[in-house]
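S.K.: quick one: sequence plus predicted model below, questions after.
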Amino acid sequence: MPAVGKKFRAAKALVQRERGYTPGDAVAVVKRVAFAKFDETVDIAVRLGVDPRHADQIVRGTVVLPHGTGRKVRVLVLAQGDKAREAEAAGADFVGPEFIQKIKDGWLDCDVIIATPDMMGQIGPLGRVLGPRGLMPNPKSGTVSMDVTKAVRDVKAGKIEFRVDKTGNLHAPIGRVSFTAEQLAENLTAFMDAVVRGKPAAAKGTYIRSVTVSSTMGPAVPVDTAVYR
């Protein structure tokens, strides 16, 4: 697609790669150079100074973005009785233990699965299906909880989970191009605050090695990492 290639090159030429932008300036540049005809997602990529092969250097966590991610999140809650009714009242899209069988039959039309602890015995065998898709409920991410009301509301409000990959990088959505620069900057700051707090004690040397933000189709814009030292 030569037109897109030409547009990308033109956008890339507007980014000063040799400098590190402030978070606010970086997202403003991302918005300015976005050229797609749809509302692109704005993503953040962070290169960390950790070795994920060692369990004590795994970086993972959750953060509620102040302005959400800009997309509707479909939430399934595997609970029964009063907890199922609480989940429905909190705004869950799908509720009930009957979805365990539906998942076994191939149903996966949700973005997040929340479960009460008493359901985990039945959910365990689904790990081979849910795990690779990042859908397996986990206490560390807050998706295994008796407080289903809070769990559902947090996810609906923009809670995201992050985990370092095997190459030492983190990737996450922090909004849409249609967001204001201020909204994107606040989401970026909230995400990076969570990453900095998640620094493993075993991590040595420079922890935050590089940070870039970009839209779905646009070029990467570097963020000054001195902010996070």
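M.R.: Alright, I've got the coordinates. Predicted model only: the values in this text are computed from it and were never measured. Numbers count the residues shown, from 1 in each chain.
S.K.: now do the longest helix along the chain: distance to the chain's middle.
M.R.: If you go by DSSP state H, the chain has its longest helix at helix 181-197. Centre-to-centre, helix 181-197 and its host chain are 12 Å apart (CA atoms, centre = their mean, to the nearest Å).
S.K.: check which residues of that helix are buried.
M.R.: 181, 183-192, 194-195 (16 or more other CB atoms under 10 Å). In short, each C-beta sits where N, CA and C put it, glycine included.
S.K.: and the helices in this structure?
M.R.: Counting by DSSP H, the helices of the chain are 2-13, 23-33, 82-90, 98-104, 120-123, 127-130, 148-157, 181-197.
S.K.: that older thread, which one of the buried residues of helix 181-197 is nearest residue 141?
M.R.: residue 194 (12.2 Å; CB to CB).
S.K.: distance check, the closest residue to that closest one other than its chain neighbours against residue 105.
M.R.: Spatial nearest neighbour of residue 194, excluding adjacent residues (CB to CB, 6 or more residues apart in numbering): residue 63 at 3.9 Å. Distance of residue 63 to residue 105, computed by CB to CB, to the nearest Å: 34 Å.
S.K.: and the angle for the longest helix of the chain with helix 23-33?
M.R.: 130 degrees (axes from the mean of the first three to the mean of the last three CA atoms, to 10 degrees).
S.K.: using CSV, write out the CA atom coordinates for helix 181-197.
M.R.: Provided in CSV are the C-alpha atoms of helix 181-197 (Å, rounded to 0.1, in the frame of the first residue of the first chain):
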residue,chain,number,x,y,z
ALA,A,181,-3.5,15.2,24.9
GLU,A,182,-4.1,15.9,28.6
GLN,A,183,-6.1,12.6,29.0
LEU,A,184,-3.5,10.6,27.2
ALA,A,185,-0.7,12.2,29.3
GLU,A,186,-2.5,11.4,32.5
ASN,A,187,-3.1,7.8,31.4
LEU,A,188,0.6,7.5,30.4
THR,A,189,1.7,8.8,33.8
ALA,A,190,-0.6,6.4,35.7
PHE,A,191,0.8,3.5,33.7
MET,A,192,4.4,4.5,34.2
ASP,A,193,3.9,5.1,37.9
ALA,A,194,2.6,1.5,38.2
VAL,A,195,5.6,0.2,36.2
VAL,A,196,8.1,2.1,38.4
ARG,A,197,6.4,0.8,41.6
